[in-house]
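J.: Need a 3D model of the sequence below.
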Amino acid sequence: MQGILYVSHGSRIREATTEAIACITSVKELVNVPLQEICFLELAEPDVSQGIDRLVKQGATRISIVPVLLLSAGHYFKDIPEEVNRSKLKYPGVTFTYGQPLGVQDRFTTILGERIEETNIPINPDAKILLVGRGSRNPQTKIDIENVANKLQALINIPVDSCFLAACEPSFEQGIHSSLREKRSQVFIVPYLWFTGVLMHSLENKVNELNETEKGFVLCRQLGDHPAMKTALKERVYESIN
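T.: So this is what the prediction gives:
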């Protein structure tokens, strides 16, 4: 019997876990598979091994591991496979397949454009967008975020710079300093993050601090539970099965 295991990142912030569960639960309702479970890599339960245990106890003989991730980085290449490999030893009679992260898609760029529009703030002629990625030591992450930045600039027709919250340069702080040197009257900070969490809260705090002395920094909402995100995840589920 086929089972699906959605592997989300996990967060110490309850709001982030709740948001992830709500989004994935909506996707589960779109997927015609009898056994589906949600688990987390860290900071929340069940973890990956517990999620697999639950599916096996329900009768799963084939389990598709679906990473609820935007990009292919350390979690995708190392952390999730390590957890799954331990379960493979525990359940040698179960067949495991591994899906793909969502990756870079034009419809996600459209969502970013919508996030800018929903601020309801008129865009100044000298405005700039600062696209903020999570960051990773995997060089593909920087390539992907720069690709998204190029797509967003073509869509919105506003200059777009990219920066990162960790492990890559330019850092978010460097991106802000660059914007200040350019003396832009307006900077839209657009996070390329799926759910809220520690990183999103950190961005909120930093932008609030900036606006105490420098006006014109506008933080947009994360990608979140947009219908296009759910559709894309559903597609990755069926790809992982087939």
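
J.: Flag every buried residue along the host helix or strand of Glu82.
T.: Using DSSP states H and E, Glu82 falls within helix 80-90. Taking 16 or more other CB atoms under 10 Å as the neighbour-count basis, helix 80-90 is seen to contain the buried residues Ile80, Glu83, Val84, Ser87. Placement of C-beta: from N, CA and C, glycine included.

J.: The spatially closest residue to Gly99 that is not a sequence neighbour is in what secondary structure piece?
T.: In space, Gly99 comes closest to Ser240 once its chain neighbours are excluded; the distance is 3.1 Å by CB to CB, 6 or more residues apart in numbering. Using DSSP H and E, Ser240 falls within helix 227-241.

J.: Tell me the helix or strand right after the helix holding Glu82.
T.: strand 95-98.

J.: From the contact counts, what lies against that following strand?
T.: Counting contacts by 3 or more CB pairs under 8 Å, 6 or more residues apart in numbering; DSSP states H and E, strand 95-98 is packed against strand 62-67, helix 80-90, helix 227-241.

J.: could those go into CSV alongside mean pLDDT?
T.: CSV is the format used below for those (pLDDT from 0 to 100):
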stretch, mean pLDDT
strand 62-67, 97
helix 80-90, 94
helix 227-241, 97
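
J.: separation between Ile129 and Arg184?
T.: 10 Å (CB to CB, to the nearest Å).

J.: Looking only at neighbour counts, state which of these two leads.
T.: Neighbour count, other CB atoms under 10 Å: between Ile129 and Arg184, Ile129 has more, with 26 against 19.

J.: Least confident secondary structure element in the protein?
T.: helix 74 (a mean of 74; mean pLDDT, DSSP states H and E).

J.: so how far is it from its chain's centroid?
T.: Computed by CA atoms, centre = their mean, to the nearest Å, the chain-centroid distance of helix 74 equals 13 Å.

J.: got a list of contacts for that helix?
T.: Identification of contacts with helix 74 by CB atoms under 8 Å, 6 or more residues apart in numbering yields Ser136, Arg137, Asn138.

J.: got it, and stretch 142-160?
T.: With CB under 8 Å, 6+ apart as the test, stretch 142-160 has contacts from 71, 103-104, 106, 108-110, 112-113, 116, 123, 127-131, 133, 161-162, 164, 168, 188, 190, 192.

J.: 7 Å - rerun?
T.: 71, 104, 106, 109, 112-113, 116, 123, 127-129, 131, 133, 161-162, 168, 192 (CB atoms under 7 Å, 6 or more residues apart in numbering).

J.: Is there a quick ChimeraX command that grabs whichever of these are buried?
T.: Those of the contacts of stretch 142-160 that count as buried under 16+ other CB under 10 Å are selected in ChimeraX with:
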select :71,104,109,112,113,116,123,127,128,129,131,133,161,162,168,192
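
J.: Mind checking which of the contacts of stretch 142-160 land in strands?
T.: Using DSSP state E, Lys128, Ile129, Leu131, Gly133, Asp161, Ser162 are the members of the contacts of stretch 142-160 that sit in strands.

J.: Report the separation between the fifth one and Ser8.
T.: Remark: distance between Asp161 and Ser8 (CB to CB) = 29 Å.

J.: what do you get for the fourth one?
T.: Between Gly133 and Ser8 the distance is 18 Å, computed by CB to CB.

J.: what does Asn85 give?
T.: Asn85 is 19 Å from Ser8, by CB to CB.

J.: Give me the residue at the spatial middle of the chain.
T.: Nearest to the geometric centre of the chain sits Trp194, at 3.3 Å (CA atoms, centre = their mean).

J.: Assign the closest residue to Leu193 other than its chain neighbours to helix, strand or coil.
T.: Nearest residue to Leu193, sequence neighbours excluded (CB to CB, 6+ apart): Gln222, at 4.5 Å. Put simply, Gln222 is coil when judged by DSSP: H, G, I helix; E, B strand; the rest coil.
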